[in-house]
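1. Sequence and computational prediction follow.
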Amino acid sequence: MHTKKNNHQKFIEYIGKGRFVLPYCKECRKTIWPPTDNCRVCLNNLSLKNYKNKQGKILEFFLDKYNNNNANIIMILVKLDEVILIGSLHQDNTNRENIEGKKVRIKKCGFIDKKIFYQFEIVNN
Ligand SMILES: [Zn+2]
């Protein structure tokens, strides 16, 4: 039997290809998270939109203490539209400034040990 993939399956498939897409409702003009096929508000069918270059904002940041190999990795909590993601950020070595509120975008995403990872970069305006 041939079954059509739902938006959640497509989301996972895109992550595997290093792409970040989110279901978007054209009626409500909102991204829908977690990925579903229909809008929770208006029940419209959702289309997938590329969010790879979409800017998000850092809500919180902390040093990754469990990462022994690279001391410059900072873990960040990012708000990207309706979605809150946790990911890593590469900082230039001695830079220890407060990065809360800074704008970021996804540099890379994919799977490590079957878990989704997001790597961000700061967007300089
Ligand atoms: Zn809607």
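-> Here it is on my side, so go on. Note that this is a predicted model, so its numbers are computed, not measured. Residues are numbered from 1 along each chain as shown.
2. Just the mean pLDDT for the top strand by length along the chain, thanks.
-> Longest strand in the chain by number of residues (criterion: DSSP state E): strand 103-112. Across strand 103-112, pLDDT averages out at 95.
3. Any regions of this structure where pLDDT drops low?
-> 1-2, 64-72, 91-96, 125 (pLDDT under 70).
4. My guess is Gly56 contacts Ile76. True?
-> No: using CB atoms under 8 Å, Gly56 makes no contact with Ile76, being 9.3 Å away. C-betas here are computed from N, CA, C, even on glycine.
5. anything in contact with each of these two?
-> Listed contacts common to Gly56 and Ile76 are 104, 120; contacts here mean CB atoms under 8 Å, 6 or more residues apart in numbering.
6. And the strands in the protein?
-> 21-25, 30-31, 47-50, 56-63, 73-80, 83-90, 103-112, 115-122.
7. and Asn38, which of those strands is closest to it?
-> The closest of the strands of the chain to Asn38 is strand 21-25. By CB to CB, the value is 8.8 Å.
8. and the closest one, anywhere near the ion?
-> Yes: residues of strand 21-25 are located near the ion by CB under 5 Å from the ion, namely Cys25.
9. Pairing partners for that strand, with directions?
-> strand 30-31 (antiparallel), strand 47-50 (antiparallel) (DSSP bridges).
10. okay if I get the ones you listed as JSON lines plus mean neighbour count and distance to the ion?
-> Converted to JSON lines, these look like this (neighbours: other CB atoms under 10 Å; distance: least, CB to the ion, whole Å):
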{"stretch": "strand 30-31", "mean neighbour count": "18", "distance to the ion": "7"}
{"stretch": "strand 47-50", "mean neighbour count": "13", "distance to the ion": "11"}
